[in-house]
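Q: just coords:
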RNA sequence: GGUCCCGUAGCUCAGCUGGAUAGAGCAACUGCCUUCUAAGCAGUAGGUCUUUGGUUCGAAUCCAAACGGGAUCACCA
């Protein structure tokens, strides 16, 4: 409609104003809520052109609109704003169109290029936590949104299944696991523990042992005992200790940390873990068996968590398969002059021209670093999926710099698709008590949180729900839908790039801007339509619309554009806020108007159609957010 | 210190491709269930949009600086 008015106005401009106008003069915006109108044209840009007061210019356009645009009922000009009111028939036809199209707002599936969306990407040494939840819900939702606007989507994750941190839990399990009466070490089967939890337990055990040993070494150093320490380390420690003299508290603490780091490196347990990594890289059968076994436990645990979360993946990448990738590309890039080599053999890229630093891409011993691997993996993915057009990496904002560099390197290597790669960077999740720190035990476990939220939903639903016609089994399902729906919505309604506060109490709230609030409205409309035995039928276009009703149709008509905006900005929050606004409008309507008991048949039918439209768009929105839409609650 | 992100009501957040009197929710207070689900609705109260300059007919929105919070600057991943 905007486009229609814009084009007509531009075509008429030479006659109407005596001069042609450009597109950017015609600026539309949403009409203020306290003013009559469905669409507002900003008059100011015309003022200069026409050399008259805003009021005059507005009146002129107003008359033209009223006479030449069929859908316009009337207009008013206030303070340089031209508010256009459309005819009721225009809105009723809009409602009819929405009603006839169950795909309203969505694009044709697979009509746009393939995008790979990466999210989750956990380490296999500990269970998933709250931070992962934000990551996963975000990535999963963005994948759905991209699909809805027509992209083909490949959902993927990289499983960080190798490295020193994995060896730590393996080693600790070998060293510290008690034996049962059959002489077996602890397993998920003989302890009943979830696999990822069991492995995580030993990762913690490793850290405790490491801290303990490091502490002993530190106290030896403090008392001047360097018997078990090499001369180089001793020198370094002494140097640091001297450097502390005369520094402020903060600087001293920083130096202490460095000394502690040295002590940790001296521990026998860390040495053992490093040796284990070497043996893993040499494919030592014993270590490999241990590795496969323990990772297997973790995968079983993760699968259970993902199932509870309701997320899936189309393709998995394992770091153990990909960690050697990228070296060839780096060497090739070296030939092409993209990279350069230092005397010690290490390979670097100079990004100072782009305002960044120099960055290492290959160690002097020829082994790969994180960046090397990511270069290789990205290129590999485009080989795996020849029709791939771009990628979305859902990774925390502490890696902003890394991805900036990665995309630049890929560009410089000549991969044009690098321009279609996007780092979906999201802020950290804070707790009211501050930052989550695994060492201080303030990490919120994903499984625990989901269970808690479902439990709370159960209690609250039993208090106020309408459960009489729901079977016991369906009730359990409903509690999970409400609990998880609330949690997902809570994490997704905030702009991804912003750091957010996780308040455990608010996350399971049912009132206000919450998941259950949206679900409730969906359930309420569902039972309403069921009771009315609602069926689609042509609407009478003769009805007069109340303000509440036209507001809703207007909002429904914006769904497609909102979806595009959410896709473009990779922001489920945009969609969440849209859905919330829609629900608020509907609830106002619902409370102020009779529907089922409305005696006028065509009015009743129109209001039911309106309700059905809201339910349809709401259900779609919730689905795109990964939130389930219950029929009753 | 360099670079990047953030700063809006007591709290959590919208609004940010410049436009009218800056919006929600929570918390507080007042009403509304003998009528379709009150997990709802209507209302009251709460703001120098961190500060200072600049651009503009017009700035929460754009630019610059300052202040405050965070991240990041490894031959770690």
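A: Now that the structure is in, tell me what you want to look at. Note that the structure is predicted; figures quoted are calculated from it, not measured.

Q: what's the burial count for the residue in the stretch 451-600 of chain A that RNA strand B sits nearest to?
A: RNA strand B sits closest to residue A:512 of the stretch 451-600 of chain A, with a gap of 2.2 Å, by Cβ to the nearest atom of the strand. Heads up, the C-betas are built off the backbone N, CA and C, glycines and all. For residue A:512, the count of nearby residues is 9 (other Cβ atoms under 10 Å).

Q: Phi and psi next, for it.
A: For residue A:512, the backbone dihedrals are phi 80, psi -150 (criterion: degrees, to the nearest 10).

Q: swap in residue A:123?
A: Backbone geometry at residue A:123, expressed as degrees, to the nearest 10, gives phi -90, psi 150.

Q: wait, what's in contact with it?
A: Counting by Cβ atoms under 8 Å, 6 or more residues apart in numbering, residue A:123 makes contact with A:160, A:165, A:166.

Q: Who wins on neighbours among the residues you listed?
A: That'd be residue A:166 among the contacts of residue A:123, by other Cβ under 10 Å, with 26 neighbours.

Q: Quick check, it in contact with residue A:291.
A: Yes - using Cβ atoms under 8 Å, residue A:166 is in contact with residue A:291, at 7.1 Å.

Q: Longest helix in chain A, please.
A: helix A:195-222 (DSSP state H).

Q: Any buried residues in whichever helix or strand comes after that one, and which?
A: Per DSSP states H and E, the first helix or strand lying C-terminal to helix A:195-222 is helix A:231-243. By neighbour count with 16 or more other Cβ atoms under 10 Å, helix A:231-243 contains the buried residues A:233, A:237, A:240.

Q: Pop the domain breakdown of chain A in here.
A: A:2-86, A:164-282, A:452-625 (automatic domain parsing).

Q: Any idea how far apart the tips of the shortest one sit?
A: Terminal residues of domain A:2-86 are spaced 12 Å apart (Cα to Cα, to the nearest Å).

Q: which secondary structure elements does the host helix or strand of residue A:620 contact?
A: Assigned by DSSP H and E, residue A:620 belongs to helix A:601-625. Judged by 3 or more Cβ pairs under 8 Å, 6 or more residues apart in numbering; DSSP states H and E, the packing partners of helix A:601-625 are helix A:88-100, helix A:130-148, helix A:472-492, helix A:515-531, helix A:547-557, helix A:559-568, helix A:572-592.

Q: Count the neighbours of residue A:537 for me.
A: Residue A:537 has 10 nearby residues by other Cβ under 10 Å.

Q: now residue A:11
A: By other Cβ under 10 Å, neighbour count at residue A:11 equals 12.

Q: Could you report the distance from it to residue A:26?
A: Per Cβ to Cβ, to the nearest Å, residue A:11 is found 12 Å from residue A:26.

Q: ok, now residue A:498?
A: In terms of Cβ to Cβ, residue A:498 sits 33 Å off from residue A:26.

Q: Pick the most deeply packed of the helices and strands packed on helix A:601-625.
A: Ranked by mean neighbour count under mean count of other Cβ atoms under 10 Å, the helices and strands packed on helix A:601-625 are led by helix A:130-148, which reaches a mean of 24.

Q: need the residues of the stretch 1-150 of chain A near RNA strand B, please.
A: A:27, A:29, A:31-32, A:34-35, A:37, A:40, A:42, A:44-45, A:78-81, A:83 (Cβ under 7 Å from any atom of the strand).

Q: Just these: which are in helices?
A: Those of those lying in helices (DSSP H): A:44, A:45.

Q: Just the buried residues of the residues of the stretch 1-150 of chain A next to RNA strand B.
A: Buried by 16+ other Cβ under 10 Å: A:31, A:37, A:40, A:42, A:45, A:78, A:80, A:81, A:83, out of these.

Q: residue contacts, the fifth one?
A: Meaning residue A:45. So residue A:45 contacts A:24, A:25, A:26, A:27 (Cβ under 8 Å, 6+ apart).

Q: one more time with 7 Å, if that's ok
A: The neighbours of residue A:45, taking Cβ atoms under 7 Å, 6 or more residues apart in numbering as the test, are A:25, A:27.

Q: residue contacts, residue A:77?
A: With Cβ under 7 Å, 6+ apart, residue A:77 has these contacts: A:55, A:58, A:59, A:62.

Q: Take these and lay them out in JSON lines including neighbour count.
A: Below are the contacts of residue A:77 laid out as JSON lines (neighbours: other Cβ atoms under 10 Å):
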{"residue": "A:55", "neighbour count": "14"}
{"residue": "A:58", "neighbour count": "26"}
{"residue": "A:59", "neighbour count": "16"}
{"residue": "A:62", "neighbour count": "20"}
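
Q: Can you list the low-confidence ranges for the stretch 201-350 of chain A?
A: A:248-250 (pLDDT under 70).

Q: again with chain A
A: A:248-250, A:439-440.

Q: Give me the spatial nearest neighbour of the residue located most distally from the centre of it, chain neighbours excluded.
A: Relative to the centre of chain A, and counting by Cα atoms, centre = their mean, the farthest-placed residue is residue A:227 at 52.5 Å. Leaving aside its chain neighbours, residue A:227 sits nearest to residue A:220 (7.8 Å; criterion: Cβ to Cβ, 6 or more residues apart in numbering).

Q: what about that neighbour, distance to residue A:92?
A: 85 Å.

Q: Confirm for me that residue A:445 is in contact with residue A:132.
A: No - Residue A:445 lies out of contact with residue A:132 (Cβ atoms under 7 Å); the separation is 10.0 Å.

Q: ok, back up a step: count of residues packed around the residue nearest to residue A:227?
A: 16.

Q: And for residue A:428, the neighbour number?
A: 16.

Q: check contacts around it.
A: Residue A:428 makes contact with A:396, A:499, according to Cβ under 7 Å, 6+ apart.

Q: so which residue of the stretch 151-300 of chain A comes closest to RNA strand B?
A: Using Cβ to the nearest atom of the strand, the closest approach of the stretch 151-300 of chain A to RNA strand B is made by residue A:163 at 4.9 Å.

Q: For residue A:546, which residues are in contact?
A: Per Cβ under 7 Å, 6+ apart, neighbours of residue A:546: residue A:593.

Q: Over to the closest residue to residue A:496 other than its chain neighbours: give its phi and psi.
A: Nearest residue to residue A:496 in three dimensions, chain neighbours excluded: residue A:426, at 4.3 Å (Cβ to Cβ, 6+ apart). Main-chain torsions, residue A:426, degrees, to the nearest 10: phi -130, psi 150.
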